[in-house]
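*Asks:* missing the sequence, but the structure's below:
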């Protein structure tokens, strides 16, 4: 159906010699320079398309996240596939495949993709669904515009084409550069001002492309038969590569989180070693396409991916950098092959493969809450393997070498030129990529200098400290917006010196590829420990501390049936003394065996600790429940306030410390769980007695032990948020503990 009857009679009757001459000259036009302005504009459009494609995953995740299961709205994403499939219909191509049609598609795409956040800011479930549907529509329109412009643009010139697909490559590095300056966040979806800017810039770029082709007509003719992978494999392999790049290199910090381990040998930290990720990816894109078709290079890339996946620390990180170079090297060829086939089948296979990859990735982690999750549990490595096999087939089995492929003819001059350049991108695009890497590196270096300075200023040495536990709902507030900045403000206002933060593994593509630990650590000037990493399929736990972290261990608690329960056991240096802390997120209450085994393990670990220790954990039972007692009795731990019976999930235990105060701060719709705060003092001698008397008046304690007045006075009973960020004390807190006066 595609391309039939659309070429002119003259085009179909071209002499065979002319067709062969056009094929022979193809390598020359592949390396012609594209105008600098054109490359910049295509790079911006590529960035908007890349951002839109990868925002689909968080939008897809958000609705079932609130429902703790599949709702049915997830199926709406298939509209993206259906819309791009329309490009395979001749009537649709003739109608929309024009200069003006592509301009309208781009404007609609930009409006829907980046207008949803500022235009639907309302605090209700309906707004979340509207943003989700708008993102699907916007991504579909941008994809259709990209496809139409790619396959049907006037002139068929290599200069134009190379600028277009180099623009997609540039878009990846624009994303990395922006995220480097915004601490792993994409500002287009976290700051309304940047969303409005994206709207304006997107329309201007669409207009520039429209005016540049003013008066010219798009031509649609049956694509020539070329050697190499067909349209289905071309689309599937490109989608697999985009998926892998987004999973592991969607932000320069993600690789560090994939391979991180406990202190002191955590492996390369995202700041400043994230620079190496961008350099490796850039070197692959700019310098290694010449070896993209070699089977040995595919084996090296696959080995790098496996090393990254199964190894911790420096070894795993090195494997990830090799994988970054491989991923970058095959991107230009897969893009070039992608546009040499029928538009409808290529685009449909690309979108469908991408959607299936993202859904399977979600299923591999959220297996406990989705149908068929038993089959996909912790199977991310199989998804990666399938993606690598598809890429290998497209490049090694059906691919062609740039120095002698069948569709390059016998033009020796072009072969030598390609061999000398060792790259597909035009010089202007190369310069832009290098500039973006330098720009991103500058942002990371400046952030690192600021962070190191903050650590020296904010580090505490007092034997009295404040600990807190908080479940943060993946940094997404109750209305579907990123909450990192508000979280930092609340933590800072609470006065917490050590805080266990749960549900923090946002270094996954369906959670935005954000680095929450890096963000909060840099903003608050606190030491961080995050783990276990994304490849362990947990929901994540994190430790923030104003005291140095001497050592830590990342634990995976027994979870035979339900979600994988993560824990961090760390040793802090507080006032010159070693104090241990345990941060843990246990399984859900429906998985009884899991919780029983997890509580038993935690009790054993805590019992073996010889230092003073405190526990910041999520135990899915009421006070006095089986798991509560297992941890407190077997671990020889004390509840900070055993008389507080109206609690669920969050608990603070301790041993070898003196309790001084306890408070509960409402979530204020920032998350779905309150923050609990406890004040402690290190015993100066083993015989020093704990505080045993509860008091409720601040006048009974020194001013240094009082909780911040930012959250008001003591309140009885539950307090339900009246407005966003309505954080107050509740449940008859704050309260303090003093020596017995009797």
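*Replies:* Ah, there it is. Because the structure is a prediction, the values reported are computed rather than measured.
*Asks:* Helix or strand with the lowest mean pLDDT in this protein?
*Replies:* Lowest on mean pLDDT, DSSP states H and E among the helices and strands of the chain sits helix 26-30, with a mean of 33.
*Asks:* And residue 327, how far from residue 248?
*Replies:* Remark: distance between residue 327 and residue 248 (C-beta to C-beta, to the nearest Å) = 8 Å. From N, CA and C alone the C-beta is placed, and that goes for glycine too.
*Asks:* ok so, going back, next helix or strand past the least confident helix or strand of the chain?
*Replies:* helix 36-67 (DSSP states H and E).
*Asks:* Quick check: closest non-adjacent residue to residue 708.
*Replies:* residue 495 (5.5 Å; C-beta to C-beta, 6 or more residues apart in numbering).
*Asks:* With residue 352 instead?
*Replies:* Closest to residue 352 by C-beta to C-beta, 6+ apart is residue 81, at 5.2 Å.
*Asks:* residue contacts, the one you found?
*Replies:* Counting by C-beta atoms under 8 Å, 6 or more residues apart in numbering, residue 81 makes contact with 348, 351-352, 355.
*Asks:* Residue 64 against residue 369, yeah?
*Replies:* Yes: when contacts are counted by C-beta atoms under 8 Å, residue 64 is listed as touching residue 369 (7.5 Å).
*Asks:* Low-confidence ranges, this structure, go.
*Replies:* Along the chain, the parts satisfying pLDDT under 70 run over 1-34, 121-125, 152-164, 215-228, 399-424, 742.
*Asks:* give me every residue that touches residue 246.
*Replies:* If you count contacts by C-beta under 8 Å, 6+ apart, then residue 246 has 54, 509, 513 around it.
*Asks:* Look up how far residue 56 lies from it.
*Replies:* Taking C-beta to C-beta, one finds residue 246 at 10 Å from residue 56.
*Asks:* the more surrounded of residue 327 and residue 248?
*Replies:* residue 248 (26 against 23; other C-beta atoms under 10 Å).
*Asks:* what about residue 315, distance to residue 572?
*Replies:* In this view, residue 315 and residue 572 are 28 Å apart by C-beta to C-beta.
*Asks:* Which one's more surrounded, these two?
*Replies:* More crowded of residue 315 and residue 572, by other C-beta under 10 Å: residue 572, with 26 against 14.
*Asks:* Number of residues surrounding the closest residue to that one other than its chain neighbours?
*Replies:* Nearest residue to residue 572, sequence neighbours excluded (C-beta to C-beta, 6+ apart): residue 547, at 4.5 Å. Each residue near residue 547 was counted by other C-beta under 10 Å, and the total is 20.
*Asks:* wait, doesn't residue 547 sit right on residue 498?
*Replies:* Yes: Residue 547 is within contact range of residue 498, at 6.8 Å (criterion: C-beta under 8 Å).
*Asks:* Could you tell me which residues touch both of the two?
*Replies:* With C-beta under 8 Å, 6+ apart, residue 547 and residue 498 have common neighbours 465, 572.
*Asks:* surely residue 350 meets residue 239?
*Replies:* Yes: between residue 350 and residue 239 there is a contact under C-beta under 8 Å: 4.5 Å.
*Asks:* tell me the SS of the residue nearest the centre of the chain?
*Replies:* Nearest to the mean C-alpha position of the chain, counting by C-alpha atoms, centre = their mean, stands residue 513 at 0.9 Å. Following DSSP: H, G, I helix; E, B strand; the rest coil, residue 513 is assigned to coil.
*Asks:* all strands of the stretch 551-700 of the chain, in order?
*Replies:* 565-574, 577-585, 613-619, 638-639, 649-655, 657-665, 675-682, 693-695 (DSSP state E, counting those that start in this stretch).
*Asks:* Could you dump these into CSV and include distance to residue 183?
*Replies:* Below are these laid out as CSV (distance: least, C-beta to C-beta, whole Å):
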stretch, distance to residue 183
strand 565-574, 22
strand 577-585, 22
strand 613-619, 24
strand 638-639, 36
strand 649-655, 27
strand 657-665, 24
strand 675-682, 22
strand 693-695, 41
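*Asks:* Among the ones you listed, which comes closest to residue 485?
*Replies:* Of all the strands of the stretch 551-700 of the chain, it is strand 675-682 that lies closest to residue 485, at 16.2 Å by C-beta to C-beta.
*Asks:* Tell me the strands beside the closest one, with direction?
*Replies:* Sheet partners assigned to strand 675-682 using DSSP bridges are listed as strand 464-471 (antiparallel), strand 657-665 (antiparallel).
*Asks:* Residue 531: which of those strands is closest?
*Replies:* Nearest to residue 531 among the strands paired with strand 675-682 is strand 464-471; the distance by C-beta to C-beta comes to 16.8 Å.
*Asks:* Distance from that closest one to the middle of the chain?
*Replies:* 27 Å (C-alpha atoms, centre = their mean, to the nearest Å).
*Asks:* ditto for stretch 563-570
*Replies:* Distance, centroid of stretch 563-570 to centroid of chain: 20 Å (C-alpha atoms, centre = their mean).
*Asks:* Same check on stretch 127-139?
*Replies:* Here the centre of stretch 127-139 is set off from its chain's centre by 19 Å, with C-alpha atoms, centre = their mean.
*Asks:* ok, and what's touching that stretch?
*Replies:* Contact with stretch 127-139 is made by 52-53, 55-56, 59-60, 62-63, 66, 73, 76-77, 79-80, 83, 108-117, 119-121, 479-480, as judged by C-beta under 8 Å, 6+ apart.
*Asks:* Buried residues in it, which are they?
*Replies:* 127-129, 131-139 (16 or more other C-beta atoms under 10 Å).
*Asks:* Just put those residues in TSV and tack on distance to residue 678.
*Replies:* TSV is the format used below for the buried residues of stretch 127-139 (distance: C-beta to C-beta, whole Å):
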residue	distance to residue 678
127	36
128	34
129	39
131	38
132	39
133	44
134	43
135	41
136	45
137	48
138	46
139	46
